[in-house]
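**Q** Give me a model of this one.
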Amino acid sequence: MKNVKKITGAFILFFMLIGGFVSAQDRAISASQLPKAAKTFLTVHFKGIPVSSAIEDREIYGIDDYKVYLNNGMKIEFDSNGNWKEADGKHQKLPYGFIPASIRNYTARNFPNTYIVKIEKERWSYKTELSNGLELEFDRKGNFKRIDD
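**A** This next block holds a predicted model:
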């Protein structure tokens with residue numbers, strides 16, 4: 001009897017996990033279906049660069065994030081509310097309007113012949129990648145912390 005309960009419990013757990021993976025999936029959407037904050041961000045900072053595709057990443061509990069691919073190859077990720085999380089220029093210079101001034105100033109002053117090609121906004125920090133491949137980490141206020149290897 002104990003073995004039957006264990007096997008039944010294992011099957012229930014297995015099917016719950018499978019159900020979670022099946023319901024958590026990406027879905028292609030049009031740019032007009034993005035949250036208003038994401039659409040405004042794209043209009044202001046990537047004006048004139050058309051969206052080639054947008055993906056809505058759905059999890060069991062709802063929408064996790066959005067991934068937007070631009071015609072020039074750049075990728076921008078937004079959270080479920082449309083706030084930017086990451087911008088990847090794919091080795092192209094990112095527009096600097098949304099990057100905190102302290103990060104822009106630090107990189108311009110200390111790495112004058114480079115530009116930012118990627119930036120990630122994390123809970124307590126920012127991570128940037130420069131055109132020379134160097135990765136820099138900043139605190140939430142944009143103060144330099146370290147060079148990341």
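**Q** What residue spans form the domains of this protein?
**A** Split into domains by automatic domain parsing, the chain comes to 25-88, 91-149.
**Q** Can you add mean pLDDT and mean neighbour count and give these back as JSON lines?
**A** The C-beta positions use only the backbone N, C-alpha and C, and glycine is treated the same way. As requested, the domains of the chain are exported to JSON lines (pLDDT from 0 to 100; neighbours: other CB atoms under 10 Å):
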{"stretch": "domain 25-88", "mean pLDDT": "93", "mean neighbour count": "15"}
{"stretch": "domain 91-149", "mean pLDDT": "95", "mean neighbour count": "14"}
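**Q** what sits against Asn143?
**A** Contact partners of Asn143, counting by CB atoms under 8 Å, 6 or more residues apart in numbering, are Ser102.
**Q** now the end-to-end length of stretch 130-140.
**A** Stretch 130-140 stretches 19 Å from its first residue to its last (CA to CA, to the nearest Å).
**Q** whoops, stretch 41-57 was the one
**A** So stretch 41-57: terminal residues 19 Å apart, CA to CA.
**Q** Equivalent analysis for stretch 76-88, please.
**A** Taking CA to CA as the measure, stretch 76-88 stretches 6 Å from start to finish.
**Q** roughly how far out does that stretch sit from the chain middle?
**A** 5 Å (CA atoms, centre = their mean, to the nearest Å).
**Q** ok, and what's touching that stretch?
**A** Applying CB under 8 Å, 6+ apart, the contact partners of stretch 76-88 are 34-42, 46, 62-68, 70, 74-75, 94, 98, 117-121.
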